[in-house]
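>>> Dropping the sequence and predicted coords here.
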Amino acid sequence: MKQLASSFRDAAGFLVTQGGRLYRVVTKTGEADYRLLQSSGLYDHLTARGWLIPHEELASSPLTMPAACVLAPLLIPFISYPYEWSFSQLQDAALLTLDIQREALQKDMSLKDASNYNIQFMGSRPVFIDTLSFEQRSDSPWVAYGQFCRHFLAPLALMAAGNMDINRMLIAFLDGLPLATALQLLPLTQRLRWGLFLHLGLHARSQKRHQDSDVGRGKILFFGIKRQLALVDSLYQTVLALKKPRIKTEWGDYLSTMDHYSVRAEEEKKRIVEKVAMENHPAMVWDLGGNIGHYSRLFSSRGLRTICFDGDPLCVDANYLEAKKENNETLLPLLMDLANPSPAIGWEHCERQSFLQRGPADLVLALALVHHLRITANIPLVRLGSFFASCGRKLLIEFVPKGDPMVKKLLLNRSDIFTDYSQPEFEKSFGQHFRLVQKWSLPESARLLYYFERS
Amino acid sequence: MVPTLLILFVLLVLPATARAYLDPGTGSMMLQIVIGTVLAATYTIKVYWRRITQFFRNLRNKTK
């Protein structure tokens, strides 16, 4: 039995693994609140709506340690973090947290923390996973208000102001963006919005004023349920009013301006990818540089769990909004710069896993990608080969040779130092880590598709 | 008399959330106190306004 390195702050309980399974231990300290979660009907209410992760309460503990109660929660297929989410994903996570707080208040409970790490995604559906975050409500101010503003409101406000991937800053700020920092970056026009003025502006000022005082003693801090509901509503309206900024990104218009494929080549590529999808049943597919998920959906529509990674926040957001409309529970779009993927962060580098630590996938798609990594990011083919081998067991990759119009465009304003970038060199570099299963050339194009298996 | 008052004072005044492991931050707690009344007032108006408009909407549907 091993306690998860990332689960140690809450006295009410923690996560452990034993025999390859995940369990949530409820301690004596947390037992009363957990029983209330059940008896009040809040657990049933939230799980029925798909808002809270369901679990099985085990009749007898399989663990080698004493516990008041042991829960076996439903597993999340792929763990993702708020610095990997698009604007709408973070917004939906915020709204879900507030929805849950509202329901909890009405059952006389309250969330004792409002961290954005309490939310995970089942495909494109956000779900609250911290079952032990609920405590008995009391007539005092919301203890998680500051955390909610740091974790959700501050990054969302900055994103709405124009930088759709500024939430990547959350990598550096493990407990959310400090309000003073966020305000410094927030344009004046945004600061004048009523909700942001209240919950960011006044909030930061209040934090500064009271940072050295301990007002907790000697003052009656009454904050009844009406005020608590009003606060949740105010935050809800503020988050809802934030809209995606109207900006253009490099890949946002990709499909609409796609003119580097003939119709025949495109159809043949789709046919090949579908063939690979039908002949294999990968439990987990990673579509690297998947743009708006065009090829991801050839897998996810067959019930195969697919993560679509792309470095363009507009693409990820468009993909997510589409998946939401479809009620898609097999496709999860995420923001990832493959040349600088998420690192392992937190205490002892163990609280949040790196990109590669969450692999390997069963199948990796790298379509229309390798020329960008080689030429724009300047990563040698040999290094690319080993990287893809760490990502997954099987690889379907598209090689885009120098004659291709897209590569010509990339080389337009720079000297061609990429002497290793040729078909034979590509086959040799990747041959060091993979064995070739099949190779296709696309009609009316110089591009080739390779299907590799890790050797 | 005085000890009873003292006990009452202590019980009423000291914050109750000993179990929450999060540091709520004094500034965040104080702001809620400051804006709480205004927020509650506007929220109540909003709720009742919705009820009033819903009442008139139902009335209009019935008389159609």
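Happy to help now that I have it. Residues are numbered from 1 along each chain as shown, chains lettered A, B, ... in the order given.

>>> Find the residue closest to the most centrally placed residue in chain A in space, skipping its chain neighbours.
The centroid of chain A falls nearest to A:Ser80 when counting by C-alpha atoms, centre = their mean (3.7 Å). In space, and not counting its chain neighbours, A:Ser80 is closest to A:Leu334: 5.5 Å by C-beta to C-beta, 6 or more residues apart in numbering or on different chains. (Each C-beta comes from the backbone N, C-alpha and C, glycine too.)

>>> Let me know the secondary structure of the one you found.
Here A:Leu334 takes the strand state, with states given by DSSP: H, G, I helix; E, B strand; the rest coil.

>>> One more: A:Ile307?
strand.

>>> What's opposite it in the beta bridge?
On the basis of DSSP bridges, A:Ile307 is bridged to A:Trp286, A:Leu332.

>>> what's near enough to touch it?
A:Phe78, A:Met284, A:Val285, A:Trp286, A:Asp287, A:Leu331, A:Leu332, A:Pro333, A:Leu334, A:Ala361 (C-beta atoms under 8 Å, 6 or more residues apart in numbering or on different chains).

>>> Can you tell me which of those has the most neighbours?
A:Pro333 (35 neighbours; other C-beta atoms under 10 Å in any protein chain shown).

>>> Could you report the pLDDT at that residue?
We have a pLDDT of 98 for A:Pro333.

>>> So it sits against A:Gly293, correct?
Yes. A:Pro333 is in contact with A:Gly293 according to C-beta atoms under 8 Å; the separation is 6.0 Å.

>>> Report the buried residues of stretch A:323-340.
Buried residues in stretch A:323-340, counted by 16 or more other C-beta atoms under 10 Å in any protein chain shown: A:Ala323, A:Lys324, A:Asn328, A:Glu329, A:Thr330, A:Leu331, A:Leu332, A:Pro333, A:Leu334, A:Leu335, A:Met336, A:Leu338.

>>> Need the CA coordinates for that stretch. PDB is fine.
The C-alpha coordinates for stretch A:323-340 follow below in PDB (Å, rounded to 0.1, in the frame of the first residue of the first chain):
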ATOM      1  CA  ALA A 323     -17.100  18.100 -28.000                       C
ATOM      2  CA  LYS A 324     -19.300  19.600 -25.300                       C
ATOM      3  CA  LYS A 325     -22.100  20.000 -27.800                       C
ATOM      4  CA  GLU A 326     -21.700  16.400 -28.700                       C
ATOM      5  CA  ASN A 327     -21.700  15.400 -25.000                       C
ATOM      6  CA  ASN A 328     -18.400  13.600 -25.900                       C
ATOM      7  CA  GLU A 329     -17.100  11.500 -23.100                       C
ATOM      8  CA  THR A 330     -14.200   9.900 -25.000                       C
ATOM      9  CA  LEU A 331     -12.400  13.000 -26.400                       C
ATOM     10  CA  LEU A 332     -10.400  15.400 -24.200                       C
ATOM     11  CA  PRO A 333      -8.800  18.400 -25.900                       C
ATOM     12  CA  LEU A 334      -5.800  19.900 -24.000                       C
ATOM     13  CA  LEU A 335      -3.300  22.700 -24.400                       C
ATOM     14  CA  MET A 336       0.300  21.400 -24.800                       C
ATOM     15  CA  ASP A 337       3.400  22.900 -26.300                       C
ATOM     16  CA  LEU A 338       5.200  19.700 -27.300                       C
ATOM     17  CA  ALA A 339       8.500  21.500 -27.400                       C
ATOM     18  CA  ASN A 340       8.000  22.600 -23.800                       C
END
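
>>> Grab the longest helix from the chain for me.
In the absence of a named chain, this looks at chain A. Secondary structure of chain A per DSSP state H: the longest helix is helix A:87-106.

>>> please go with chain B instead
Chain B, longest helix under DSSP H: helix B:26-63.

>>> Buried residues of that helix, list them for me.
Judged by neighbour count using 16+ other C-beta under 10 Å, the buried positions of helix B:26-63 are B:26-33, B:35-36, B:39-40, B:43.

>>> how long is stretch A:352-371 from one end to the other?
From its first residue to its last, stretch A:352-371 covers 30 Å (C-alpha to C-alpha, to the nearest Å).

>>> about what we covered before: keep only the buried residues of helix B:26-63 that also lie close to chain A.
Applying C-beta under 8 Å from any C-beta of the partner chain to the buried residues of helix B:26-63, one finds that B:26-33, B:35-36, B:39-40, B:43 fall near chain A.

>>> coming back round to it: now the longest helix of chain B: average pLDDT?
93.

>>> about what we covered before: what two of the ones next to chain A among the buried residues of helix B:26-63 are the furthest from one another?
Within these, B:Thr26 and B:Tyr43 form the most distant pair, 24.5 Å apart (C-beta to C-beta).

>>> export the lowest-mean-pLDDT helix or strand in chain A as PDB, just CAs?
One helix or strand of chain A scores below all others by mean pLDDT, DSSP states H and E: helix A:188-191, with a mean of 88. Taking C-alpha atoms only, helix A:188-191 is exported to PDB below (Å, rounded to 0.1, in the frame of the first residue of the first chain):
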ATOM      1  CA  LEU A 188      -7.800  49.000 -16.900                       C
ATOM      2  CA  THR A 189     -11.000  48.300 -18.900                       C
ATOM      3  CA  GLN A 190     -11.300  44.900 -17.400                       C
ATOM      4  CA  ARG A 191     -10.700  46.200 -13.900                       C
END
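
>>> next helix or strand past that helix?
Next helix or strand after helix A:188-191 toward the C-terminus (DSSP states H and E): helix A:194-196.

>>> got the buried residues for that following helix?
By neighbour count with 16+ other C-beta under 10 Å, helix A:194-196 contains the buried residues A:Gly195, A:Leu196.
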